[in-house]
Structure formats: C-alpha cells, structure tokens
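using only what follows, build the 3D model:
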Amino acid sequence: MEIEFTASAGLTYRFAPNWFIGAEVFYQTEHETVVGQERWSLQAGPTIHYGGKSWWAALSWMPVLVYHETHGYQIREPQWRQVFNRKTLADPFKLDNDIPNISGATLSSAMLPTA
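I've put the predicted structure just below:
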C-alpha cells in the first residue's frame, strides 16, 4: 500500500487594487508500507494573482528544487546509462547479466529526461 502526503503554502502582498504578488511552496512525499519513504520533492516559486468582483486568476511558476528517491536514483548517473550505449534489439538484454537491476527504476524513469 502506498500513502501520499502533499502540503503547500503561500504568501502574497497586494501591490495594487485587485493585484497580488507572492511565493508558493509545494512539498510531496510518498510512503510505501514495506520500504517506508520512497520519494519526496520540494517545489517553490513566484506567483501573481488578480482578483476581481466575480472572478479571479493566478499564475505560478514552481520548478522542482529538490527531488529524492530511496531507490532507482541510479538512472540519473551517466555510468549506469552507458550500459545501453551501442546496444541493438539483437543484443542480449538479460537482467543482472547484461543490464544491472535497479529496484524502482520503472518509477524513476519519469526523471530520466531531466537527467
């Protein structure tokens, strides 16, 4: 079973009628009942907000500042990814023989484009 906890907070300052500027923070963690905390991330960034009488809009930019995984993080390492260099579909792909096994690598593959 997996449990996710998410928390966010923000502060704003009104600098003109109906206009606000501020900052937001977003924290997310996932816990697996067998292994404990699997991953967590922290995002933060600026926000601008307009509030009228009958509608409002907010624009935020929150890049990932910190991302940590307890397993599967090795896919970010160039040394691990070199295993796949010059491989073709005809080459053997036997787990733990031709390719090292990484527990959680499937979950971590979402981070591969940023590695």
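
which residues of the chain score low on pLDDT?
Judged by pLDDT under 70, the chain has its weakly predicted residues at 71-76, 95-96, 101-115.

change it to 90
In the predicted model of the chain, residues 1-3, 30-40, 64-115 satisfy pLDDT under 90.

can I see the domain layout of it?
If you go by automatic domain parsing, the domain ranges for the chain are 1-70, 71-115.

could you export those domains as JSON lines, including mean neighbour count?
For every residue, glycine as well, the C-beta is placed using N, CA and C. Shown next, in JSON lines, are the domains of the chain (neighbours: other Cβ atoms under 10 Å):
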{"stretch": "domain 1-70", "mean neighbour count": "13"}
{"stretch": "domain 71-115", "mean neighbour count": "12"}
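
for the chain, which segments count as strands?
For the chain, the strands defined by DSSP state E cover 2-16, 19-32, 36-51, 56-60, 64-69.

could you say which one of these comes nearest to residue 91?
strand 64-69 (28.0 Å; Cβ to Cβ).

helices or strands up against the closest one?
With contacts defined as 3 or more Cβ pairs under 8 Å, 6 or more residues apart in numbering; DSSP states H and E, the packing partners of strand 64-69 are strand 36-51.

identify the residues contacting the strand it packs on?
Strand 36-51 is contacted by residues 2, 10, 12, 18-32, 56-71, 104, 107 when judged by Cβ atoms under 8 Å, 6 or more residues apart in numbering.
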